[in-house]
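> output the structure for:
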Amino acid sequence: MPCKRKNILRILSLLLAMPLLGVSLPAAQYQGGRPGGPRAGGRRGPMSPDNRLKQMTKNFDLTADQQAKIKPILENEQKKMQDLRNESRGDRQSMFQKMMQVRQDTSDQIRAQLNGKQKDKFDKMEKRRQERMQNRRRGPMGGPGGDNAGGPPQN
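So this is what the prediction gives:
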């Protein structure tokens, strides 16, 4: 009989612990403030110049010389974007236009450092990025704002 009580207590303990496990497991997935950890899916902040350079090196097989020339371009862009965010007081449209110009200037400077094959790949990636931006602005069903309009992201 005492053995049966121990089994019943174990089962009750497990049943009572189940809801607690269900709450703590999903919380572990939200490290960094986003599901799946930092930078996983959804909206995210800008990448650091170092991380962008690593990604570009991987995507375009940049030489050491290209990396040395592109890194200051990315750092300059980051500084200009941060300055725009700091000085823009409520005029989001003006800030957006200025940011788009900074982004275009940066793309032009980076593109000038690439060889022919790299430029082709860069142009394709830029076109996809611009399409995603337009889809975000249109939103679902042609409405304002929103992500994921136009289907899944293209890599």
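> show the subsequent helix or strand relative to the lowest-mean-pLDDT helix or strand in the chain.
Lowest by mean pLDDT, DSSP states H and E among the helices and strands of the chain is helix 2-29, with a mean of 59. Per DSSP states H and E, the first helix or strand lying C-terminal to helix 2-29 is helix 49-60.
> contact partners of that following helix?
47, 62, 66-67, 70-71, 74-75, 77-78, 110, 114, 118, 121-122, 125 (Cβ atoms under 8 Å, 6 or more residues apart in numbering). From N, CA and C alone the C-beta is placed, and that goes for glycine too.
> and what of stretch 96-107?
Under Cβ under 8 Å, 6+ apart, the answer for stretch 96-107 is 73, 74, 76, 77, 80, 81, 84, 122, 126.
> of those, buried ones?
Buried by 16 or more other Cβ atoms under 10 Å: 73, 74, 77, 80, 81, 84, 122, out of those.
> so which of these are in helices?
Among those, the members falling in helices (DSSP state H) are 73, 74, 77, 80, 81, 84, 122.
> contacts only, for the first one.
What it means is residue 73. Neighbours of residue 73 in contact, by Cβ under 8 Å, 6+ apart: 106, 109, 110, 113.
> can I get the residues you listed in a markdown table including neighbour count, secondary structure and pLDDT?
Below are the contacts of residue 73 laid out as a markdown table (neighbours: other Cβ atoms under 10 Å; DSSP: H, G, I helix; E, B strand; the rest coil; pLDDT from 0 to 100):
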| residue | neighbour count | secondary structure | pLDDT |
| --- | --- | --- | --- |
| 106 | 18 | helix | 96 |
| 109 | 16 | helix | 97 |
| 110 | 23 | helix | 95 |
| 113 | 20 | coil | 97 |
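> out of those, what pair is the most spread apart?
Across these, the longest distance by Cβ to Cβ is 11.2 Å; it joins 106 and 113.
> you'd agree residue 119 is up against residue 111?
Yes. In this structure residue 119 lies within contact range of residue 111 using Cβ atoms under 8 Å: 5.9 Å.
> give the buried residues for stretch 87-107.
95, 98, 99, 102, 103, 106, 107.
> among these, which one has the lowest pLDDT?
When the buried residues of stretch 87-107 are sorted by pLDDT, the bottom entry is residue 95 at 87.
> ok, that one touching residue 86?
No. Contact criterion Cβ under 8 Å: residue 95 and residue 86 do not qualify, at 10.1 Å.
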